[in-house]
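S.K.: Sequence and predicted structure below; questions after.
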Amino acid sequence: TKMRFTSAALLALLPSAYAFVPAKNAQHNTALHMSGTESGPPYSGPKVKPLLDSVNFPSDMKRFDIKELKQLAHELRWEVLENVSKTGGHLSSSLGVVEMTVALHHVFDMPEDDIIWDVSHQCYPHKMLTGRKDKFSTLRQAGGISGFCKRKESEYDSFGAGHSTTSISAAQGMSIAKSMLNKRKNNCIAIIGDGAITGGMAYEAMNSAGYLKNRMIVILNDNGQVSLPTGTQSAGGTRPASQLSTYTSQLLVSKPFQNVRDVLKNINQLLPSETLQDVNRRIDEYTRGLISGGTLFEELGFYYVGPVDGHDMENLVGILETLRDSDSTKPVLLHVKTEKGHGYPPALAAADKMHGVGKFDLGTGVQFKPSKPPVAPSFTSIFANSLIDEATEDRSIVAITAAMPGGTGLDIFGRRFPKRTFDVGIAEQHAVTMAAGMACEGLKPFCCIYSTFLQRGYDSVVHDIAVQNLPVRIIMDRAGLVGNDGPTHHGCYDLAYLGCIPQLKIMSPSDEIELKNMIATCAKYDEGPTCLRYPRGSGYGPDKLEKLFGYDMDAVPKHGEVLEMGKGRIVRKGGNKLLLGAKQTDEGEKTTRGKDKKDRVCILSFGTRLHESLVAANEIEEADPDLAVTVADARFMKPLDVDLVRELAAENSVIVTVEEGSIGGFGDHVLHFLTLDGLMDNGDLKFRPMVLPDQYFEAASQYEQYETAGLNASHIKGTVLRLAQKIKVPVPQES
């Protein structure tokens, strides 16, 4: 007699070993229900969402049956779409986990149970089901809700994130704590993507959890999207930048494998001898490993379950309920196959699956263009195209990214030089040390990593690059405050954590011309490691570069020029004398401005705060007829241009440094030199470093964040005027 089992029933029947098959045509279980057809726009969701409207917290959905859960998922997907279309944010990652999120909150009891979202950019459905759907109009805005999980935002956010590969370690720690504290329930679930699981920390955690036999569930959310965007041309081709991704793709069960599993499991149930059952179970596990590869996770001490269709609600709920109710303390890896951007054809068709989007037209998926288009390309694209120029002339130049080809511009470089582009997945430590190895053999590696993500490779920078003085070019995009992604993504600390390392050369451009120059400088410098940081945002364009900065130019130069290492420049002298080649004003020749040293002040900028410094200088001189403001661009933090600092200290009564970094960075290096060189011993020089204050900056626009930080032109102006004793600061009186 033939017997058929549903996946959930089979799981209940066979608690010692589970196998689940993606439901046939499961993609149709969550029908689109659009006003247009699936083949074309306009796309729209349900006019009313009665089930979602009834859910404020997960407890409100416990009574729902499978049919209602499917409908809730449909309404939730469109609620995400409608809201993100108005605010922008991380879209497709959230669309891909809607069914999983609904199933998890239906089965488990948060906040007593812990659900940890790795990276957590896919948390929008989770937030909507945990009391925050009415706040989504404020997503990633000043005073609004974060685009990531944050413990201080909700008790339902078990663990904060923003960087990847932390979820398994956190879940293990929570599981250990629940066990040691004898808590009534111990359900800890980590959801990690096939991109995040390329990070080595995931395997450190699984190795530990398997060894200690901590009760936990790791859900591998396999959507085939390792890098941003996946499919960038590189030395590994256009497939996902991970052999592990290829491995997990092979775990998708073919029909022959399904037949083998069914036969083996049915035989197991019929064998009369327990000893024979044990032997056959070992054969079964080995066979399953040969066919599906599950033994990789099993050898780490996890019980592998899967693959499972992540959009099949009935299957997901049944499996999660059985895992929840199991008395086993062995950790489980549940392999779930999902589709990034599921349910929204424009996302599925986009190269990046609409991973991170601005505001867009819901009916078509077309993103709105800014009302004021940028007058110049982004710093990221300028870097990429300048690196292409250098690589065209020098075949030893190669580029490395840690799963961020789009964010670092290496997708542009990869289209030109695919065989010289290396995407290592989310593995910053490996990327840095691999670059060191390349440098040993004579290549010129440009290791391109966001400032905030370089924190994860810090030991490799010290141990593998700096100590050996290897000529690796460390390129840090997103330096300074980055805007809407908030505190986990700001590049605030690199100047402090790199500035203390011997043998590093650290530079930062003030504008797009200087960025080109510094790329050329890094390419030519072979005496040791160089570090180049630049912010998120666009250049200034020829008009502003000429009028504010003083360049004499009709267009931005195509190629950069090699700079003298450790040499800064004076951009502006008192009386608005611009020194970069443009036609000079003659105000300085006719005025008595700055006649006495006490009326001569200097703003020494490092990085793109030079723009704000020049604006402040103009406003200061407009406000006071006596003050003469010099503005200098340090260019380099290491080596510091000590001759320039001595000149500025000799000529001015006030020096104010400005930078886009935390305490411990450029200003501290200048202050150390001033004091050690005795330049402040006479008491005729006042010094103030303007840095990011000692706090975290929540999501807002970059301008709002720098306004909060006190680093915009008005703040620089106020600092200079106070030090020059041109304005009085009120002293609080005791009441």
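M.R.: Received the coordinates, thanks.

S.K.: got the buried residues for stretch 694-705?
M.R.: F697, E698, A699, A700, Q702, E704, Q705 (16 or more other CB atoms under 10 Å). All C-beta spots, glycine's among them, are computed from the backbone N, C-alpha and C.

S.K.: which other residues reach stretch 79-92?
M.R.: With contacts defined as CB atoms under 8 Å, 6 or more residues apart in numbering, stretch 79-92 is touched by 45, 49, 52, 94-95, 98, 121-122, 124-125, 128, 133, 136-141, 147, 340-341, 344, 347, 350, 352-362, 484.

S.K.: In helices only, show me these.
M.R.: L52, S94, L95, V98, Y124, P125, A347 (DSSP state H).

S.K.: pretty sure the third one contacts A347?
M.R.: Meaning L95. Yes - using CB atoms under 8 Å, L95 is in contact with A347, at 6.2 Å.

S.K.: Comparing those two, which residue is more hemmed in?
M.R.: L95 (28 against 23; other CB atoms under 10 Å).

S.K.: Y124 versus that one, what's the distance?
M.R.: In this structure, L95 lies at 9 Å from Y124, with CB to CB, to the nearest Å as the measure.

S.K.: same check, this time on I115
M.R.: 14 Å.

S.K.: one step back: between L95 and A347, which contacts overlap?
M.R.: With CB under 8 Å, 6+ apart as the test, L95 and A347 both reach K340, G341.

S.K.: Look through this structure and tell me its longest helix.
M.R.: The helix that spans the most residues within the chain, counting by DSSP H, is helix 66-87.

S.K.: starting at the chain centroid, how far to the next helix or strand after it?
M.R.: Next along the chain after helix 66-87, taking DSSP states H and E as the criterion, comes strand 89-90. Offset of strand 89-90 from its chain centre (CA atoms, centre = their mean, to the nearest Å): 12 Å.

S.K.: Pairing partners for strand 89-90, with directions?
M.R.: strand 356-357 (antiparallel) (DSSP bridges).

S.K.: ok, residues contacting the very next helix or strand once past the partner strand?
M.R.: Next along the chain after strand 356-357, taking DSSP H and E as the criterion, comes helix 379-393. Defining contact as CB under 8 Å, 6+ apart, one finds that helix 379-393 is touched by 377, 397, 399, 407-413, 416-417, 420, 446, 448, 475, 477, 509, 512, 515-516, 519-520, 523, 534-539, 558-560.

S.K.: Going through those residues, which ones are buried?
M.R.: Listed as buried from these are 377, 397, 399, 407-413, 417, 420, 446, 448, 475, 477, 509, 512, 515-516, 519-520, 523, 534-539, 560; burial here means 16+ other CB under 10 Å.

S.K.: Low-confidence regions, the protein specifically.
M.R.: Residues of the chain meeting the criterion pLDDT under 70: 1-40, 226-234, 236-294, 582-591, 729-735.

S.K.: Contacts only, for D459.
M.R.: Taking CB under 8 Å, 6+ apart, one finds Q429 in contact with D459.

S.K.: Use 276 as the first number for this chain going forward.
M.R.: Taking 276 as the first residue, the last one we looked at is D734.

S.K.: how would you label it: helix, strand or coil?
M.R.: What DSSP: H, G, I helix; E, B strand; the rest coil gives for D734 is helix.

S.K.: if we can go back for a sec, inside helices: which ones of the contacts of helix 654-668?
M.R.: Going by DSSP H, the helices hold 682-683, 685-688, 691, 787, 790-791, 794-795, 798 from those.

S.K.: Now do the contacts for P914.
M.R.: Contact analysis of P914 by CB under 8 Å, 6+ apart lists K780, M840, G841.

S.K.: can you put the residues you listed in CSV and add distance to A678, neighbour count and secondary structure?
M.R.: CSV is the format used below for those (distance: CB to CB, whole Å; neighbours: other CB atoms under 10 Å; DSSP: H, G, I helix; E, B strand; the rest coil):
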residue, distance to A678, neighbour count, secondary structure
K780, 27, 22, strand
M840, 31, 18, coil
G841, 33, 19, coil
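
S.K.: Q730: which of those is nearest?
M.R.: Closest approach between the contacts of P914 and Q730, by CB to CB: K780, at 19.7 Å.

S.K.: could you say what helices and strands the helix or strand containing G993 packs with?
M.R.: Using DSSP H and E, G993 sits within helix 988-998. Under the contact definition 3 or more CB pairs under 8 Å, 6 or more residues apart in numbering; DSSP states H and E, helix 988-998 sits against strand 875-881, helix 885-898, strand 929-934, strand 961-965.

S.K.: Now for Q977: which residues touch it?
M.R.: The contact partners of Q977, by CB under 8 Å, 6+ apart, come to L756, V757, G758, R811, G812.

S.K.: returning to what we had before: out of the helices and strands packed on helix 988-998, which is the most enclosed?
M.R.: With neighbours defined as mean count of other CB atoms under 10 Å, the helices and strands packed on helix 988-998 peak in mean count at strand 875-881, which reaches a mean of 28.

S.K.: Quickly run through the sheet partners of it, with directions.
M.R.: strand 903-908 (parallel), strand 929-934 (parallel).

S.K.: helix/strand/coil for the most centrally placed residue in the chain?
M.R.: In the chain, the residue lying closest to the centroid (CA atoms, centre = their mean) is H764, at 5.5 Å. Here H764 is recorded as coil under three-state DSSP.

S.K.: Let me know whether it touches Q730 as I believe.
M.R.: No - using CB under 8 Å, H764 is not in contact with Q730; the gap is 11.1 Å.

S.K.: Show me the buried residues of stretch 969-980 that map onto helices.
M.R.: Per DSSP H, those map to helices at Q977, E979, Q980.

S.K.: What is the nearest of these to K961?
M.R.: Of all those, Q980 has the smallest distance to K961: 27.5 Å, by CB to CB.

S.K.: Enumerate every residue touching the closest one.
M.R.: L756, G758, F972.

S.K.: who touches the second one in this structure?
M.R.: Shown in contact with G758 (CB under 8 Å, 6+ apart): R811, A974, A975, S976, Q977, Q980.

S.K.: hang on, the earlier thing: what's the PyMOL line that selects buried ones from the contacts of stretch 354-367?
M.R.: Selection command for PyMOL covering only the buried members of these, criterion 16+ other CB under 10 Å:
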select buried, resi 320+324+327+369+370+373+396+397+399+400+403+408+411+414+415+416+422+615+616+619+622+625+627+628+629+630+631+632+635+637+759
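
S.K.: returning to what we had before: need the helices and strands packed on helix 988-998 in a markdown table with distance to A510, can you?
M.R.: As requested, the helices and strands packed on helix 988-998 are exported to a markdown table (distance: least, CB to CB, whole Å):
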| stretch | distance to A510 |
| --- | --- |
| strand 875-881 | 35 |
| helix 885-898 | 37 |
| strand 929-934 | 36 |
| strand 961-965 | 43 |
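
S.K.: Taking the buried residues of stretch 969-980 together, which two end up most distant?
M.R.: For the buried residues of stretch 969-980, the farthest-apart pair by CB to CB is E973 and Q977; their separation is 12.8 Å.

S.K.: got the buried residues for the longest helix of the chain?
M.R.: 343-356, 358-360, 362.

S.K.: Same question for stretch 655-673.
M.R.: Residues 655, 657-666, 672-673 are the ones in stretch 655-673 that count as buried (16+ other CB under 10 Å).

S.K.: Nearest to G448 among these?
M.R.: G448 lies nearest to T655 out of those, by CB to CB, at 36.0 Å.

S.K.: ok, and the closest non-adjacent residue to G437?
M.R.: Distance criterion CB to CB, 6 or more residues apart in numbering; nearest residue to G437, sequence neighbours excluded, is T763 at 2.5 Å.

S.K.: The one you found touches A436, doesn't it?
M.R.: Yes - contact status for T763 versus A436: in contact at 7.2 Å, counting by CB under 8 Å.
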